[in-house]
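Colleague: following is a predicted model, sequence given first.
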Amino acid sequence: MLVLLTFCVLVSQVSPASQVPQQVIQNMDRNACSLVVCGPAEKGLPGRDGRDGIQGLKGDKGEQGLQGPRGILGPPGNMGPDGPAGEKGSQGEKGPKGDVGEMGPRGVRGLQGPPGSVGPSGPQGNSGSQGEKGVKGETGLQGATGAQGPKGATGDPGPKGDKGPVGEKGAKGDVGATGLQGATGARGPAGEPGFPGSKGDKGSTGDKGEKGDSGLSEVNLMKKHFSALEVELKALQASFSKYLKVAAFPSGRTVGNKVFLTSAYEGTFADLKQRCLQAGGQLAAPRNAAENAAVQQIVVLYKKSVFLGITATQTERNFKYLNGDPIVYSNWLQGEPNNDKGGENCVEVFENGKWNDRSCGEKRLLLCEF
């Protein structure tokens, strides 16, 4: 240390006028003190360690020295505290779709899961193509005879078939029974008298006959006429029955001596009643199940309900025929007649043959009976 102080004094005496920039000389030994080289002393020599001297002027900044070699990387420091969470950034634009990656290896098949619940039935598929005809199966055992079904409604008459070929001539039939004796013809003119014959032998006396009825010839004649009338009556009945069938086809039905006819006209009860009277009949009024079935067949054929010739008053709910007689047959629908909303004083027939009370002001199919 003494040598350094002496060097400082010598420098100040040699160059009193020159300014020496302040330099700090670092010693190589950490235990030695530092030497400050400063300008000429204004108040005498610097103290022994420089702490009693006045601080010299700050020197100019020296040029930056060469970068030293990079030191050894020190150990990582302790992690600092987490900073505050930043605000959520705006969503970036959608990037282009990436290329399809290569298919990865197939995974191991998992265990079969439990069966799921049955889903709803899907829509009916289209009819498939007809399959090949299968081999004819063996004839099965005959089943037990089923119960006889209900009698179906009488269908419409089919078209007239073609005339069949003439059959072979049959064998001659047996002689029929002798018919009734015909009526006695008119008496012919008297013939000329013949030549007298020879007198014959006297015959033996015959047995006395029974006393005959008076006028026997007239009774026999009446019997013959009555038989002839019966034959004509049967012929007329057959022709009339055939006429009824023709008249009722296809818009009518015949039951016994009654014919039900329609003209496909629709109107109110009063209108239909008047039209049947003008035609010489009346509104249909079935009096038994067979007649009601005939009415039902016409309703099914035209798919329209009809009004019957049966009515009731609003005060007295007793249904009667048009002549005032109480009805002797009915086929009401269950719960009818109920006079719904009032004023249902007429009777209509549905396609199932059941009856229902209905307002007389509504329009229904015309159906008359004759």
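Modeller: Great, that's in hand.
Colleague: give the buried residues for stretch 359-370.
Modeller: S359, C360, R364, L365, L366, L367, C368, E369, F370 (16 or more other C-beta atoms under 10 Å). Just so you know, the C-beta spots here come from the backbone N, C-alpha and C atoms, and that holds for glycine as well.
Colleague: what about those residues, which are in strands?
Modeller: Within the buried residues of stretch 359-370, residues falling in strands by DSSP state E are R364, L365, C368, E369.
Colleague: export the residues you listed to a markdown table and tack on distance to L236?
Modeller: Shown next, in a markdown table, are those (distance: C-beta to C-beta, whole Å):
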| residue | distance to L236 |
| --- | --- |
| R364 | 37 |
| L365 | 33 |
| C368 | 25 |
| E369 | 22 |
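Colleague: for K258, state which of the residues you listed is nearest.
Modeller: E369 (5.6 Å; C-beta to C-beta).
Colleague: for the closest residue to the closest one other than its chain neighbours, give me its contacts.
Modeller: Leaving aside its sequence neighbours, E369 sits nearest to A284 (C-beta to C-beta, 6 or more residues apart in numbering; 4.5 Å). Contact analysis of A284 by C-beta atoms under 8 Å, 6 or more residues apart in numbering lists F260, V295, V306, L308, G309, L367, C368, E369.
Colleague: quick check, L221 in a strand?
Modeller: No: assignment of L221 by DSSP: H, G, I helix; E, B strand; the rest coil gives helix, placing it outside any strand.
Colleague: farthest pair within the ones in strands among the buried residues of stretch 359-370?
Modeller: Maximum distance among those (C-beta to C-beta): 15.2 Å, for R364 and E369.
Colleague: list just the nearest of the ones in strands among the buried residues of stretch 359-370 to E87.
Modeller: Nearest member of these to E87, counting by C-beta to C-beta, is R364, at 83.4 Å.
Colleague: could you check the pLDDT of that closest one?
Modeller: Per-residue pLDDT puts R364 at 96.
Colleague: number of nearby residues for the residue nearest to it when sequence neighbours are not counted?
Modeller: Ranked by C-beta to C-beta, 6+ apart and with sequence neighbours excluded, the top spatial neighbour of R364 is F307, at 4.4 Å. Neighbour count of F307, defined by other C-beta atoms under 10 Å: 28.
Colleague: can you tell me the SS state at F307?
Modeller: Judged by three-state DSSP, the three-state class of F307 is strand.
Colleague: against A294, how distant is it?
Modeller: 16 Å (C-beta to C-beta, to the nearest Å).
Colleague: which stretches of the stretch 151-300 of the chain have low pLDDT?
Modeller: 152-200, 210-217, 238-250 (pLDDT under 70).
Colleague: can you rerun that using 90?
Modeller: Low-confidence segments of the stretch 151-300 of the chain (pLDDT under 90): 151-257, 259, 263-264, 279-280.
Colleague: buried set for the helix or strand harbouring A270?
Modeller: Take DSSP states H and E as the rule and A270 turns out to sit in helix 269-278. For helix 269-278, the buried set under the neighbour-count rule, 16+ other C-beta under 10 Å, comprises F269, L272, K273, R275, C276.
Colleague: going on from it, what's the next piece of helix or strand?
Modeller: Moving toward the C-terminus from helix 269-278, the next helix or strand (DSSP H and E) is strand 282-283.
Colleague: packing partners for that following strand?
Modeller: helix 269-278, strand 306-311, strand 368-369 (3 or more C-beta pairs under 8 Å, 6 or more residues apart in numbering; DSSP states H and E).
Colleague: run me through the strand neighbours of that strand, direction for each.
Modeller: strand 368-369 (antiparallel) (DSSP bridges).
Colleague: residues contacting the strand it pairs with, please?
Modeller: Strand 368-369 is contacted by residues 258-262, 275-276, 279, 281-285, 309 when judged by C-beta under 8 Å, 6+ apart.
Colleague: fine by me, thanks again.
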